[in-house]
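**Student:** with the sequence up front, the predicted model follows.
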Amino acid sequence: MIRDITLGQYYDADSIIHRLDPRVKLAFTLIYIASLYVGKSVYCYLFAAAFLCGLIALSRVPVHFMLRGLKSIVVILVISALFNIFVIDGQVLVRFWIFRITLEGLKTAGLMVVRLILLIVGSSVMTLTTTPNDLTDGLERSLGFLKVIHVPIHEISMMMSIALRFIPILVEEVNKIMKAQMARGADFDGGGLIKKAKAMVPMLIPLFVSSFRRAADLALAMEARCYHGGEGRTKMYPLKYKKEDFLAYLVLFVYLGCMIALGRLT
Amino acid sequence: MNKLLIRIRDLVHEYREYDENDVLVRTSRALDGVTLDVTEGSFVAVLGHNGSGKSTFAKHINALLMPTEGTVIFSGRDTAEIENLWELRKEAGMIFQNPDNQIISNVVEEDVAFGPENLGIPSEEIIARVAFALERVGMEAYRLSSPNKLSGGQKQRIGIAGLLAMKPRCILMDEPTAMLDPVGRREVLRTVHELNRDEHITVVMITHYLEEVTDVDRVVVMDQGKIVMDGTPREIFSRIDELSAHHMRVPQVVELAYELRKEGVPIPEGILTVDELVEALCRLR
């Protein structure tokens, strides 16, 4: 069961969005997020929301998967909305005790919430339609220019993909260690917060020791298989732009243009 | 055929321990004057109990460790010369004990492609090699699986496929079956035997299971960093007293045959398998 945990939140389906080059999807996400800050009018957000709905429809991922990401930010949404409602000055609508609610506050709060929702759902489109492997590949390729300023981008993406590979193994190991410690009388459930934190120590130390051992083994195995950094390395499936990818870029820039125009007009 | 592939002369390896001020506190000699020739295409098993130096020995062949003294020549190249390093590791692939800690990618085919990718081989060729290697170890059905869903034996076969994709001349195996169940152990051994036979790949297998070495070409026994016995499995297993002096336990059936002979039962020398013993005993009637 634990072997089946999905990493990231990839949802397997066959759609045009799934087949796009990960670099395109990265660019889409970045530009989409940026575009949300271009215009501040209702029309801008309506347009952005409509565009996003189109993408979701194309991706063939069930809508509730898209909205799942919102659960984790409900608290942030509520807090930022409340702040905006109570803090912003303007035409007072309601006043009680030391609080007052203004029309401008309500407006800003509403737009803020919509913006955050679009932002989260927008990035979910990428994470749900791209495998973690493709994502690291895409990052490595699209951030390749950073090599010029000595950012070890190949190494970073290699580390990311190794981390992805070892997460399920380490999760399994945590279970094993916990059971071993429980068999010797360790109590992971009882007590307050501090006691719980202390109970983690006999679990974390063996986990650390074994991860270091694994890391040493893996490094040796990689060296034995001729790994010597990104220099002179080829790929079995190098990322190649296809026709759809260029089309997607075109759509993206048309969208961005529309957003800027809408922002100016209103 | 029968060309010399590995030539080892007076190999010494010392592990040195330093304290925090870089002062040498202890040296331990893991290898103490090992001399060995391995011909191309042979299947050599290196036996020894824990701490006999057998793992250290294997890591010298693909230059993961450098000799303190002596030389290791692999197909005409000195392992101590740094410019030979990548060519050497391409030709002498290594399989390690823990199958999990040598798989890099979370997709089987990408892991098999890791070696050739490091060598800078063009994409189309990598795809062909990966397909060949996976087919050769009988894992083509798992091409797109996650290694986490495979058994230990299957993971080791993926590891072997990863080496095959680099077109090695020799496969070094450092206790490849120590963490496997009996089924996985058989799978892995069958795979390397097939590769040895069909692809003429030299195999050097480090192990401490004597059961695994009954059908190899040559058995080398190590103890305290030295080679103490060297011969065919039949020769080695007939020297039971000597083996136990080096802390090695022979397979049950071999021991039984030995004890029977000692008690005067007229069965031939050098029985290695249950079938052989059954046949010998049936002949007696």
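**Tutor:** Great, that's in hand.
**Student:** distance of B:S151 from chain A?
**Tutor:** 11 Å (CB to the nearest CB, to the nearest Å). No exception for glycine: its C-beta is placed from N, CA and C like everyone else's.
**Student:** which residue sits closest to B:T71, ignoring its sequence neighbours?
**Tutor:** The spatial neighbour of B:T71 that comes closest, neighbours along the chain excluded (CB to CB, 6 or more residues apart in numbering or on different chains), is B:R9 at 5.1 Å.
**Student:** so that neighbour is in contact with B:D37, correct?
**Tutor:** No. Counting by CB atoms under 8 Å, B:R9 does not reach B:D37; the two are 9.2 Å apart.
**Student:** tell me which of these two has more neighbours.
**Tutor:** B:R9 (15 against 12; other CB atoms under 10 Å in any protein chain shown).
**Student:** any part of the host helix or strand of A:I194 near chain B?
**Tutor:** Secondary structure assignment for A:I194, by DSSP states H and E: helix A:193-224. Yes. Part of helix A:193-224 sits near chain B under the criterion CB under 8 Å from any CB of the partner chain, namely A:214, A:217-218, A:220-224.
**Student:** can you lay out those as JSON lines showing neighbour count, pLDDT and distance to A:S80?
**Tutor:** Below are the residues of helix A:193-224 next to chain B laid out as JSON lines (neighbours: other CB atoms under 10 Å in any protein chain shown; pLDDT from 0 to 100; distance: CB to CB, whole Å):
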{"residue": "A:R214", "neighbour count": "17", "pLDDT": "93", "distance to A:S80": "41"}
{"residue": "A:D217", "neighbour count": "16", "pLDDT": "92", "distance to A:S80": "46"}
{"residue": "A:L218", "neighbour count": "20", "pLDDT": "94", "distance to A:S80": "43"}
{"residue": "A:L220", "neighbour count": "17", "pLDDT": "92", "distance to A:S80": "49"}
{"residue": "A:A221", "neighbour count": "22", "pLDDT": "93", "distance to A:S80": "48"}
{"residue": "A:M222", "neighbour count": "18", "pLDDT": "92", "distance to A:S80": "45"}
{"residue": "A:E223", "neighbour count": "17", "pLDDT": "91", "distance to A:S80": "49"}
{"residue": "A:A224", "neighbour count": "23", "pLDDT": "92", "distance to A:S80": "52"}
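**Student:** hmm, back to that, Three-state assignment for the residue nearest to B:T71, please.
**Tutor:** strand (DSSP: H, G, I helix; E, B strand; the rest coil).
**Student:** same question for the one 4 residues further on.
**Tutor:** Following three-state DSSP, B:H13 is assigned to strand.
**Student:** who's in contact with the nearest residue in space to A:V87 that is not next to it in sequence?
**Tutor:** The shortest distance from A:V87 to any non-neighbouring residue, by CB to CB, 6+ apart, is to A:G105 (7.0 Å). Applying CB atoms under 8 Å, 6 or more residues apart in numbering or on different chains to A:G105 gives the contacts A:84-88, A:90.
**Student:** which of the residues you listed lies closest to A:G191?
**Tutor:** When these are compared for distance to A:G191 (CB to CB), A:F86 wins out at 38.6 Å.
**Student:** the closest one reaches A:I98, doesn't it?
**Tutor:** No. Counting by CB under 8 Å, A:F86 stays clear of A:I98, with 9.5 Å between them.
**Student:** more crowded one of those two?
**Tutor:** A:F86 (14 against 6).
**Student:** doesn't the more buried one belong to a helix?
**Tutor:** Yes. A:F86: assigned to a helix according to three-state DSSP.
**Student:** helices and strands around the helix or strand where A:L250 lies, which ones?
**Tutor:** Using DSSP H and E, A:L250 sits in helix A:243-265. Applying 3 or more CB pairs under 8 Å, 6 or more residues apart in numbering or on different chains; DSSP states H and E, we find helix A:243-265 packed against helix A:22-35, helix A:42-59.
**Student:** roughly how far apart are B:N148 and A:R60?
**Tutor:** Noted for B:N148: a distance of 27 Å to A:R60, by CB to CB, to the nearest Å.
**Student:** do the same with B:P99
**Tutor:** Per CB to CB, B:P99 is found 37 Å from A:R60.
**Student:** on that earlier part again, just the buried positions in the helix holding A:I194, please.
**Tutor:** A:199, A:202-203, A:206-207, A:214, A:217-218, A:220-224 (16 or more other CB atoms under 10 Å in any protein chain shown).
**Student:** which one of the residues you listed is nearest to A:I260?
**Tutor:** Looking across these and measuring by CB to CB, the closest to A:I260 is A:M222, at 47.0 Å.
**Student:** report the separation between that closest one and A:S210.
**Tutor:** Taking CB to CB, one finds A:M222 at 18 Å from A:S210.
**Student:** thinking again about what came up before, more neighbours: which of B:P99 and A:R60?
**Tutor:** Counted by other CB under 10 Å, B:P99 and A:R60 do not tie: B:P99 has more neighbours, with 25 against 14.
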